[in-house]
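Visitor: Mind folding the following:
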Amino acid sequence: MASRDYGQYSGITRAMELVGERWALLIVRDLLVGPRRYGELAAELPRIPSNILAARLKELQAAGVIRRAPRSRVILYELTPFGRELEPVVLALGAWGFRALDDPREEQLISAESMTMDLRSAFRASVARELPATAYEARFGGSGGTELLIRVDGSALDVASGGGPGDVAFSIAGGAGIRQLITGELDAEQAIATGVVELRHGDKSLLGRFADTFHLAA
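Guide: Down below sits the predicted model:
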């Protein structure tokens with residue numbers, strides 16, 4: 001696929017040759033959320049140069065990781081079954097990286113796709129199975145930020161872009177607050193009391209349920 005050749009006969013080496021080029025795994029991450037048009041991928045990864053995006057898509061197709069899928073009059077890119085096998089790898093890598101996050105820089109964005117995958121990384125199905133089904137209406141990144149409707153029913157998790165209706169609605173202004181809540185640096189009571197989380201409607205105990213359901217130890 002790529003020009004990089006590490007000169008070793010190894011599974012990890014081959015994986016890095018296939019998906020280790022800059023931006024490749026972020027394209028895979030976004031396609032794990034769902035098929036995307038070229039323009040959608042470009043918008044979701046605003047810093048990727050158009051020639052690099054085109055090259056990565058071509059390389060990932062050649063490697064059998066993604067494919068072009070004509071739908072009506074548009075072309076979508078989607079993961080192949082081989083590509084979808086990367087999901088547990090991406091989730092594990094996301095969980096590992098989430099614990100190493102610093103406070104966000106001003107120019108860093110929180111996209112629906114990146115937040116969806118972070119939530120999937122932090123999701124604790126074993127905890128959720130013991131809790132009532134709950135829909136969380138969440139806004140990440142303050143006013144005008146990313147809005148997600150997060151439905152948890154037993155071990156099933158569904159995350160969709162857009163607002164409610166949810167059993168509870170809350171906003172987290174910045175990435176630091178997201179990290180603090182999910183890693184347990186702040187519990188739900190502290191997050192509300194300090195203004196890290198704005199509870200828009202619903203009982204604050206449901207925010208505690210969210211923090212229990214989505215958790216990555218710091």
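Visitor: Can you show me the strands along the chain?
Guide: 36-37, 66-71, 74-79, 134-140, 146-153, 156-161, 168-172, 197-201 (DSSP state E).
Visitor: Make JSON lines from those and add mean neighbour count, mean pLDDT and distance to residue 178 to it.
Guide: Glycine gets a C-beta too; all of them are placed from N, C-alpha and C. Compiled in JSON lines, the strands of the chain are given as follows (neighbours: other Cβ atoms under 10 Å; pLDDT from 0 to 100; distance: least, Cβ to Cβ, whole Å):
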{"stretch": "strand 36-37", "mean neighbour count": "16", "mean pLDDT": "96", "distance to residue 178": "23"}
{"stretch": "strand 66-71", "mean neighbour count": "14", "mean pLDDT": "91", "distance to residue 178": "29"}
{"stretch": "strand 74-79", "mean neighbour count": "16", "mean pLDDT": "95", "distance to residue 178": "26"}
{"stretch": "strand 134-140", "mean neighbour count": "21", "mean pLDDT": "94", "distance to residue 178": "6"}
{"stretch": "strand 146-153", "mean neighbour count": "19", "mean pLDDT": "95", "distance to residue 178": "10"}
{"stretch": "strand 156-161", "mean neighbour count": "14", "mean pLDDT": "95", "distance to residue 178": "14"}
{"stretch": "strand 168-172", "mean neighbour count": "21", "mean pLDDT": "93", "distance to residue 178": "5"}
{"stretch": "strand 197-201", "mean neighbour count": "17", "mean pLDDT": "93", "distance to residue 178": "10"}
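Visitor: Can you list the buried residues in stretch 164-184?
Guide: 164, 166-175, 177-183 (16 or more other Cβ atoms under 10 Å).
Visitor: Using TSV, lay out the strands of the chain together with distance to residue 209.
Guide: Output for the strands of the chain, formatted as TSV (distance: least, Cβ to Cβ, whole Å):
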stretch	distance to residue 209
strand 36-37	31
strand 66-71	36
strand 74-79	32
strand 134-140	6
strand 146-153	9
strand 156-161	14
strand 168-172	8
strand 197-201	13
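Visitor: The lowest-mean-pLDDT helix or strand in the chain versus strand 197-201: what angle between them?
Guide: Every helix and strand of the chain was ranked by mean pLDDT, DSSP states H and E. The lowest is helix 175-182, at a mean of 88. With axes from the mean of the first three to the mean of the last three Cα atoms, to 10 degrees defining the directions, helix 175-182 sits at 80 degrees from strand 197-201.
Visitor: Quick one: low-confidence residue ranges for this structure.
Guide: Per-residue confidence for the chain (pLDDT under 70) gives these ranges: 1-3, 142-144.
Visitor: Nearest residue to the middle of it?
Guide: residue 117 (2.1 Å; Cα atoms, centre = their mean).
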